[in-house]
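S.K.: Kindly generate the corresponding structure for this input.
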Amino acid sequence: MAKTPESRRVEELEREFVIPLRASRHQPSRRRRAGHALETVRRYVTRHMKGRSEDVWIDPRLNEHIWERGIQHIPSTVRVKAIRFEDGLIEVDLLETG
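M.R.: Residues are numbered from 1 along each chain as shown. Now for the predicted structure:
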């Protein structure tokens, strides 16, 4: 087994994303938009942080931001900060704006 070089070993990875949620406005029915938006966030972060969807933890503040105007009127985009820890857990938090 080959050793991993120290430069490639990542204990904690932190990235900021702007996740588009416009498709979540048009694809599902009106009463499923907020839930679909949360699943979109989970899929996006899973893909870009190379993790598993069951290891993604969404912060309650992000959940409240998506649900702020109800189930039907979700935001078109959301800015998040994602941190992947060395045990594989990915934490997704709402990024402060301004």
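
S.K.: Going by neighbour count, which residues in stretch 15-29 are buried?
M.R.: Within stretch 15-29, the residues that qualify as buried are 17, 19, 21, 24, 25, counting by 16 or more other C-beta atoms under 10 Å. C-beta: built from backbone N, CA, C; applies to glycine.

S.K.: what's around residue 92, how many residues?
M.R.: 24 (other C-beta atoms under 10 Å).

S.K.: isn't there a strand covering it?
M.R.: Yes. Checked against DSSP: H, G, I helix; E, B strand; the rest coil, residue 92 lies within a strand.

S.K.: so after the helix or strand bottoming out on mean pLDDT in the chain, what's the next helix or strand?
M.R.: The helix or strand of the chain with the poorest confidence is helix 23-26; it has a mean of 91 (mean pLDDT, DSSP states H and E). Sequence order places helix 33-49 as the next helix or strand after helix 23-26, per DSSP states H and E.

S.K.: elements contacting that following helix?
M.R.: strand 13-20, helix 23-26, strand 56-58, helix 60-67, strand 77-84, strand 90-94 (3 or more C-beta pairs under 8 Å, 6 or more residues apart in numbering; DSSP states H and E).

S.K.: Quick check: buried residues in the last one?
M.R.: For strand 90-94, the buried set under the neighbour-count rule, 16+ other C-beta under 10 Å, comprises 90, 91, 92, 94.

S.K.: for the fourth one, same thing?
M.R.: Within helix 60-67, the residues that count as buried by 16+ other C-beta under 10 Å are 62, 63, 65, 66.

S.K.: residue contacts, the second one?
M.R.: In this structure, residue 63 makes contact with residue 38, judged by C-beta atoms under 8 Å, 6 or more residues apart in numbering.

S.K.: I'd like the distance between it and residue 25.
M.R.: Separation of residue 63 from residue 25 (C-beta to C-beta, to the nearest Å): 18 Å.

S.K.: and what of the last one?
M.R.: Taking C-beta to C-beta as the measure, residue 66 and residue 25 are separated by 12 Å.

S.K.: how many neighbours does the closest residue to residue 95 other than its chain neighbours have?
M.R.: Spatial nearest neighbour of residue 95, chain neighbours left out: residue 79 (4.1 Å); criterion: C-beta to C-beta, 6 or more residues apart in numbering. By other C-beta under 10 Å, 15 other residues sit near residue 79.
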